[in-house]
Structures are given as C-alpha cells and as structure tokens.
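next input, structure requested:
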Amino acid sequence: MLVSRKPVNIRNVRIGDGIPKICVPIVSSSAPEILDSAREIIKTAEKLEEAYPGKKLDVIEFRADYYDMVTNSTLLDELLTELREIVSDRLLLFTYRSEDEGGNLRHDRAENMLDDIYDWVISGGKVDLIDIELMQGNYYVVRTASKAHDKGIKVIMSYHNFEATPHDTEIEEKLFNMEVLGADILKLAAMPKNEFDVRRLMELTANLASGKQKGYPITHPIVTMSMGELGRVSRIKGKETGSALTFAYVGEESAPGQLTLEEMYRELE
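Modelled structure (predicted):
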C-alpha cells in the first residue's frame, strides 16, 4: 500500500493515505434530474456499504458541463445548496469539463464564462473540491486555485488525453506543473493503445507515489487512470499503484472504462 508524502485532509476524508477513495459523477442535465441522481447515488452507496463493510463512496462529482442552466448564477447556487444537503458528510467535487478534454458540449456561452462560473462556485462555499484543467493556461489555473484556497476549497488539477498515453517524461512534467501551479491533488487520465501503455502508466504512478522516480520532485497525491476497456485494471489497483482516487458510476458512466459502483466495491473487496 503506497502512501502519499503529503496526504490531503478534507473534513473526514484523507486522500493519499494509501487507500484509494471512490468518486461517482452526476451527469444529468436538469436540476430535478441532477438532484434525483444524487439521491439515487446515495441510496445505492448506502445499500452497498451494508453489503461490503469497510467500503465507502467518499466523493460525489457534479459534472456542471452537463447542467443546462450552469450560466445562471442564482440557479447554480440553489442547486449546489440542495446538492450539499443530499451529499451530507460525503465530499462534493465541482467539475466543468471542457470539450477538448471529453466534456459534454452543450454550452457555447459557458465556455466563455468559466471565470464567472468558478467565481460563483468558490464564493458560494458549497463544495469541498474543484477540478481545474491544466490546459486552461498557467495564469487562469494559478488564479483560480488561489481563490479556491482562500475559501478553504481543495483543488484537483487535471489533464485528459483521449488519443494516447504520453511518454513517461511528459506525464511527470504535467504532474509536476500541476503541483507547482497550486494543485492539492494531481490527476491524469490517458487512453492506452495497448496493454503496455496500461502497465507503463501504473508502474510510473507507483514509482512517483513511492518517491522512487528520480525525475521531478512530486509529493502531492496522484490520481491516474488508463481509460477504455484496456485500462479497467488501473481503476482498481490504487493500493498497488498509489493512485489516490478512482471513479465509478451509478446510472450513466462519465468516461470510457468506468466500473459500476457495485463492481468497484466487489473488485476492491
């Protein structure tokens, strides 16, 4: 079991302590559907947690790129308030995934309003974590991360490549840049072309998490995954690789290769 050298404590959850935490996304479009999805996720998790003692759904991710009223500050805040109540003591992660990184392109206007949207979410204080894409640019990333930290919100910085798995040096560089730019948790997802790509990413993650890698001095919790069917194994081997967070789904998956929450509990068992 690989333990991060700088685990992140958020309320009652310790990310990077060697036990991969589980996150389930909400990918519905209207407020009633989003709230219903949240209730169903909690209901499913509570039922499974009785069947699999010791397992827990730690994080619920609100994928705001699916929400059809994300550009309305009042409605967004009202929705986050209700989500906070439903999620209760589990962590709430806010993500707006861009089209370039696999997001649900519904809002041409929202793509030009990300500064405002993140300001609304951060100032509202309803979420525990926000996801910021590394490729948004250094200035935007640093500024948004700083605002989040001022409000006590932790930052997952992310990079997604749906075409290939970058070379090891490029992966290290991206993760190190995330750390330098203010991330609390470093996330990278890539599409493998073969099983070698899957093993390579898993081995690199393990070496980085253990401090064996002699390249960039990365010390924050790392989250990596190989996408698609080939990469499913990477989602359940967090203890071995040191990947601090894994994603499952209830209802509808948000990325290729995800397991259902029940499958995840069963595999981790």
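
what does the helix or strand harbouring Met178 contact?
Per DSSP states H and E, Met178 falls inside helix 168-180. Residues outside helix 168-180 that contact it (C-beta atoms under 8 Å, 6 or more residues apart in numbering) are 134, 157, 159, 165-166, 186-188, 190, 200-201, 204, 208, 213, 215-220, 222, 224. In short, each C-beta sits where N, CA and C put it, glycine included.

how near is Arg235 to Val155?
22 Å (C-beta to C-beta, to the nearest Å).

brain fart, Pro192
Taking C-beta to C-beta as the measure, Pro192 and Val155 are separated by 27 Å.

low pLDDT regions in the protein?
1-5, 105-108, 253-256 (pLDDT under 70).

in the top helix by length along it, what's buried?
The longest helix of the chain (DSSP state H) is helix 31-51. Judged by neighbour count using 16 or more other C-beta atoms under 10 Å, the buried positions of helix 31-51 are 31, 34-35, 37-38, 41-42, 44-45, 48.

cool, and stretch 12-21?
Judged by neighbour count (16+ other C-beta under 10 Å), stretch 12-21 contains these buried residues: 13-17, 19-21.

which of those fall within strands?
Among those, the residues falling in strands (DSSP state E) are 13-15, 21.

list just the nearest of these to Gly125.
Using C-beta to C-beta, Val13 is the member of these that sits closest to Gly125, with 17.6 Å.

give the contact list for that closest one.
Residues in contact with Val13, defined by C-beta under 8 Å, 6+ apart, are 21, 58-59, 91.

ok, of these, which come out buried?
So, by 16+ other C-beta under 10 Å, the buried ones in these are 21, 58-59, 91.

now those residues in TSV, with secondary structure and distance to Arg109?
Shown next, in TSV, are the buried ones among the contacts of Val13 (DSSP: H, G, I helix; E, B strand; the rest coil; distance: C-beta to C-beta, whole Å):
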residue	secondary structure	distance to Arg109
Lys21	strand	34
Asp58	strand	33
Val59	strand	28
Leu91	strand	29
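
mind putting the residues you listed into TSV with distance to Val180?
Shown next, in TSV, are the buried ones among the contacts of Val13 (distance: C-beta to C-beta, whole Å):
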residue	distance to Val180
Lys21	24
Asp58	27
Val59	24
Leu91	24
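
which residues in the stretch 101-250 of the chain form strands?
129-133, 154-161, 185-190, 222-226, 245-249 (DSSP state E, counting those that start in this stretch).

so which of those strands comes closest to Tyr52?
Among those, the nearest to Tyr52 by C-beta to C-beta is strand 245-249 (12.5 Å).

quick check: which helices or strands does that closest one pack against?
Strand 245-249 makes packing contacts with strand 21-26, strand 222-226, strand 259-260, helix 261-268 when contacts are defined by 3 or more C-beta pairs under 8 Å, 6 or more residues apart in numbering; DSSP states H and E.

pick the most deeply packed of the ones you listed.
When those are scored by mean count of other C-beta atoms under 10 Å, the highest mean neighbour count falls to strand 222-226 (a mean of 27).

can you give the contact residues for it?
Strand 222-226 has contacts (C-beta under 8 Å, 6+ apart) with 4, 156, 165, 171, 175, 185-192, 197-198, 201-202, 204-205, 208-209, 231, 233-235, 241-247, 257.

ok, stretch 29-37 next?
By C-beta under 8 Å, 6+ apart, the residues outside stretch 29-37 that reach it are 26-28, 62, 66-69, 75, 78-79, 82-83, 86, 106, 250-251.

among those, which lie within strands?
Those of these mapping onto strands are 26, 62, per DSSP E.
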